[in-house]
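In: got a predicted structure here, sequence first:
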Amino acid sequence: MRVVYLHGFASSARSSKAAFLAAKKETRDLARRAALTAAVAADRVFTSLAGIARDARRRDDAPEGAATPPVLDAAFLVPTSRRVRFKAAARRLAAESAEAGAEITLTGPWPAYNFVEAGSRS
């Protein structure tokens, strides 16, 4: 339920509908700006972390069971000698991204299966 105090009684149903539509448009516009801000933050995160990693791959498919696909799903091949630097950069970027409304989750280390070409044999 929403209770709104109207100054006087001159407002009509028409202005109420206009206010409702304006509020819906504002909500939609805010969601679009938030999505754009998150996409820009994700690109910055990927570029920064890829510069530290030996190799990096973006995944285009949504993870299985994800209700909402992530803005960025990536794998980074990080040499042991760069692991501390990589994690520090990821923490710094996570803090910056949180201000933009995005959340970064760093997992791993994982096997490097994202960096093996299909059909290749070693």
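Out: That came in fine, so what should we check first? Numbers count the residues shown, from 1 in each chain.
In: using the three-state scheme, assign Gly101.
Out: Gly101 falls in the coil class when you classify it by DSSP: H, G, I helix; E, B strand; the rest coil.
In: I'd like to know how far it sits from Ala112.
Out: Applying Cβ to Cβ, to the nearest Å, the value for Gly101 to Ala112 is 31 Å. C-beta here means a position set from N, CA and C on the backbone, and glycine is covered the same way.
In: go on, Arg83?
Out: Looking at Arg83 against Ala112, where the rule is Cβ to Cβ, the gap reads 14 Å.
In: and for Thr105?
Out: In this view, Thr105 and Ala112 are 19 Å apart by Cβ to Cβ.
In: mind checking which of those two has more residues around it?
Out: For Thr105 versus Ala112, the count of surrounding residues by other Cβ atoms under 10 Å is larger for Ala112: 12 against 7.
In: isn't that one up against Val78?
Out: No: at 9.8 Å, Ala112 does not count as touching Val78 under the criterion of Cβ atoms under 8 Å.
In: how near is Ala18 to Lys25?
Out: Note on Ala18: its distance to Lys25, by Cβ to Cβ, is 10 Å.
In: what about the strands in this protein?
Out: With strands called from DSSP state E, the chain shows them at 55-58, 74-77.
In: what are the pairing partners of the first one, and which direction each?
Out: So that's strand 55-58. According to DSSP bridges, strand 55-58 has the following sheet partners: strand 74-77 (antiparallel).
In: hmm, who's touching the partner strand?
Out: 46, 49-50, 52-59, 86, 110, 112, 114-115 (Cβ atoms under 8 Å, 6 or more residues apart in numbering).
In: can I have the buried ones of those residues as a PyMOL selection?
Out: The following PyMOL line selects those of the contacts of strand 74-77 that are buried, judged by 16 or more other Cβ atoms under 10 Å:
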select buried, resi 46+49+50+52+53+56+86
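In: what's the closest of the contacts of strand 74-77 to Gly65?
Out: Closest to Gly65 out of these is Arg59 (14.3 Å), distances taken as Cβ to Cβ.
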